[in-house]
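Trainee: 3D, please:
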Amino acid sequence: MHTSTLPASHDAIVAATKTWLEKAVIGLNLCPFAKAVHVKNQIRYVVSTARNTDALLDDLEAELQTLHAADPAEIDTTLLIHPDVLQDFLDYNDFLETADGVVEELELDGEIQIASFHPHYQFAGTGANDIENYTNRSPYPILHLLRESSIESAVEAFPQAETIFEKNMETLRELGLEGWQQLGLSKP
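Mentor: Residues are numbered from 1 along each chain as shown. Predicted coordinates:
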């Protein structure tokens, strides 16, 4: 007997992403800058319907232009969620170079950068199941578009920003896989 799983609705995808942001990124303080933009509703959540990388590149270009043109008080950052393309982390990781190329082609380097989140994120030199990888594990593949001016302001306000990465690793080691699972961040 074959059972098919219906794809999650855009609302469910955004809801799962917001839950991850609230419970993991903000809740565990993995990014001390995320709470302010979340509370001010300055995060744009976009669910791409792309089913191939060419369509995703089109969506990325459009979102880069939208973010660049927007008033930072209205949209400070964008989460481009793409649930139907680049499910394999190695393919996703390879795509990041192409995505950075789009930033350069639009002459937005120095203004916008892309951070990466993926359900199977894996840092170089780690095992697939190492808890440290969960600092960048999200319910769906995400291209996080960030204004560099916002990053600079946040770093100025946060002493020792360069230690965030190490603190996140320590936080997750203390939490452990069981603790992560207790956050209840499974996809809908």
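Trainee: who's in contact with the helix or strand bottoming out on mean pLDDT in the chain?
Mentor: Within the chain, judged by mean pLDDT, DSSP states H and E, the helix or strand with the poorest mean is helix 148-157; its value is a mean of 83. The contact list for helix 148-157, computed with CB atoms under 8 Å, 6 or more residues apart in numbering, reads Pro32, Phe33, Val37, Pro72, Asp76, Thr77, Gly110, Glu111, Ile112, Gln113, Ala161. C-beta: built from backbone N, CA, C; applies to glycine.
Trainee: Stretch 28-38 too?
Mentor: 21-22, 24-26, 43, 76-77, 135, 150-151, 154, 158, 164, 168, 171-172, 175.
Trainee: And the next helix or strand after the least confident helix or strand of the chain, how far out from the chain middle?
Mentor: Note on helix 148-157: by DSSP states H and E, the next helix or strand toward the C-terminus is helix 164-182. Its chain's C-alpha centre and that of helix 164-182 lie 17 Å apart, by CA atoms, centre = their mean, to the nearest Å.
Trainee: And stretch 138-151, by the same measure?
Mentor: Its chain's C-alpha centre and that of stretch 138-151 lie 5 Å apart, by CA atoms, centre = their mean.
Trainee: picking that back up, closest to Tyr92 among the contacts of helix 148-157?
Mentor: Nearest to Tyr92 out of the contacts of helix 148-157 is Gln113 (CB to CB; 16.7 Å).
Trainee: Surely the closest one is within a strand?
Mentor: Yes. Under DSSP: H, G, I helix; E, B strand; the rest coil, Gln113 sits within a strand.
Trainee: Can you give me the distance of Gly101 to Ser138?
Mentor: 23 Å (CB to CB, to the nearest Å).
Trainee: The nearest residue to Gly176 once chain neighbours are set aside: neighbouring residues, count only.
Mentor: Closest residue in space to Gly176, ignoring its immediate chain neighbours: Ile131 at 6.3 Å, by CB to CB, 6 or more residues apart in numbering. Neighbour count of Ile131, defined by other CB atoms under 10 Å: 20.
Trainee: my read: Ile131 touches Trp180, true?
Mentor: Yes. Using CB atoms under 8 Å, Ile131 is in contact with Trp180, at 6.9 Å.
Trainee: what sits in contact with each of those two?
Mentor: Counting by CB under 8 Å, 6+ apart, the residues touching both Ile131 and Trp180 are Leu172.
Trainee: And the strands in this protein?
Mentor: 43-47, 77-81, 112-117, 142-147 (DSSP state E).
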